[in-house]
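In: this one's structure only:
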Ligand SMILES: Nc1nc(=O)c2c([nH]1)NC[C@@H]1CN(c3ccc(C(=O)N[C@@H](CCC(=O)O)C(=O)O)cc3)CN21
Ligand SMILES: CC(C)C(=O)C(=O)O
Ligand SMILES: [Mg+2]
């Protein structure tokens with residue numbers, strides 16, 4: 001083979017595609033997983049080239065792109081469209097798509113039918129919010145070769161039942177239940193578990209107790225990876241920022257540099273700090 005031209009800039013755009021074994025290996029090696037939400041081809045290309053490991057097509061897109069008051073009005077059509085957009089711009093990152101409110105809660109069969117649509121649109125894995133009731137569905141999807149990330153802790157699709165976007169697992173009983181449910185998700189076949197808004201100590205404890213990688217948002221620095229909503233860390237989402245958000249545009253000349261600063265901060269364990277942790 002003839003020599004390849006040397007790239008002008010050092011990026012990770014030529015990295016090997018991120019895979020499930022690779023993500024498991026990152027946990028084993030102690031390399032933190034950097035995840036960001038992504039809703040379109042253009043940002044998919046920027047994030048992929050900046051070394052983001054996982055692109056999450058979050059149902060937060062309803063609030064961020066659509067200006068909706070919650071994630072509940074988000075539909076399968078919206079999730080499919082944005083998953084297609086992200087897959088089109090991505091080369092090597094792992095593509096994770098949220099299943100929207102009402103698309104999986106009825107039955108494992110309903111969940112499979114809708115998960116298959118997101119996989120066909122370009123997702124590598126789907127994410128479902130729930131507690132113990134979700135176990136059968138996780139088992140149904142994973143035995144049929146659809147990789148699953150279980151989303152525990154604050155589950156925004158349950159905002160009305162939970163009484164707001166509040167920290168979960170605060171007392172000993174709630175903490176124990178969360179840990180039990182995390183193990184149940186792993187035992188049901190989930191290859192990733194995501195925690196939103198839980199005490200940092202609990203995030204550390206559960207992450208140590210699981211063999212699959214854990215991803216945190218407001219769950220402390222000791223999860224195996226971190227996720228933020230892209231528009232929050234770029235400081236373009238209006239209104240009061242949750243405590244776990246850091247503005248990565250601070251002192252950065254470009255969006256690319258801000259995203260690279262996020263990846264470095266996650267890998268270097270300097271984000272999240274105590275000031276972002278409950
Ligand atoms: N732009 C955006 N960013 C997000 O992180 C996000 C969304 N949208 N939409 C879906 C959910 C909603 N999320 C939220 C929203 C608000 C708080 C919040 O204000 N939390 C309080 C904690 C309150 C307590 O102490 O219990 C905080 O101060 O952070 C947290 C998560 C996370 N997700
Ligand atoms: C905040 C993350 C975890 C999410 O589920 C979303 O963006 O929808
Ligand atoms: Mg979501």
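Out: Looks like it came in fine. Since we're looking at a predicted model, the values are computed, not measured. Ligands and ions are numbered 1, 2, ... in the order given.
In: wait, doesn't residue 20 sit right on residue 191?
Out: Yes. Taking contacts as CB atoms under 8 Å, residue 20 lies within contact range of residue 191: 5.7 Å. The C-beta positions use only the backbone N, C-alpha and C, and glycine is treated the same way.
In: how about the helices in this protein?
Out: Here the chain has its helices, by DSSP state H, at 20-29, 41-49, 61-64, 76-89, 108-120, 135-143, 159-162, 172-187, 200-209, 230-233, 255-267.
In: winner for burial among the ones you listed?
Out: Mean neighbour count, computed with mean count of other CB atoms under 10 Å, is highest for helix 230-233 among the helices of the chain, reaching a mean of 23.
In: relative to ligand 1, how far out is the nearest residue to residue 150 once chain neighbours are set aside?
Out: The shortest distance from residue 150 to any non-neighbouring residue, by CB to CB, 6 or more residues apart in numbering, is to residue 185 (3.8 Å). Distance, residue 185 to ligand 1, by CB to the nearest ligand atom, to the nearest Å: 20 Å.
In: what sits against residue 185?
Out: By CB atoms under 8 Å, 6 or more residues apart in numbering, the contact list for residue 185 reads 134-135, 138, 150, 152, 193.
In: in JSON lines, list the helices of the chain along with mean pLDDT and distance to ligand 3.
Out: Shown next, in JSON lines, are the helices of the chain (pLDDT from 0 to 100; distance: least, CB to the ion, whole Å):
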{"stretch": "helix 20-29", "mean pLDDT": "98", "distance to ligand 3": "19"}
{"stretch": "helix 41-49", "mean pLDDT": "98", "distance to ligand 3": "17"}
{"stretch": "helix 61-64", "mean pLDDT": "98", "distance to ligand 3": "9"}
{"stretch": "helix 76-89", "mean pLDDT": "99", "distance to ligand 3": "10"}
{"stretch": "helix 108-120", "mean pLDDT": "99", "distance to ligand 3": "13"}
{"stretch": "helix 135-143", "mean pLDDT": "99", "distance to ligand 3": "16"}
{"stretch": "helix 159-162", "mean pLDDT": "97", "distance to ligand 3": "11"}
{"stretch": "helix 172-187", "mean pLDDT": "98", "distance to ligand 3": "16"}
{"stretch": "helix 200-209", "mean pLDDT": "98", "distance to ligand 3": "18"}
{"stretch": "helix 230-233", "mean pLDDT": "98", "distance to ligand 3": "13"}
{"stretch": "helix 255-267", "mean pLDDT": "98", "distance to ligand 3": "18"}
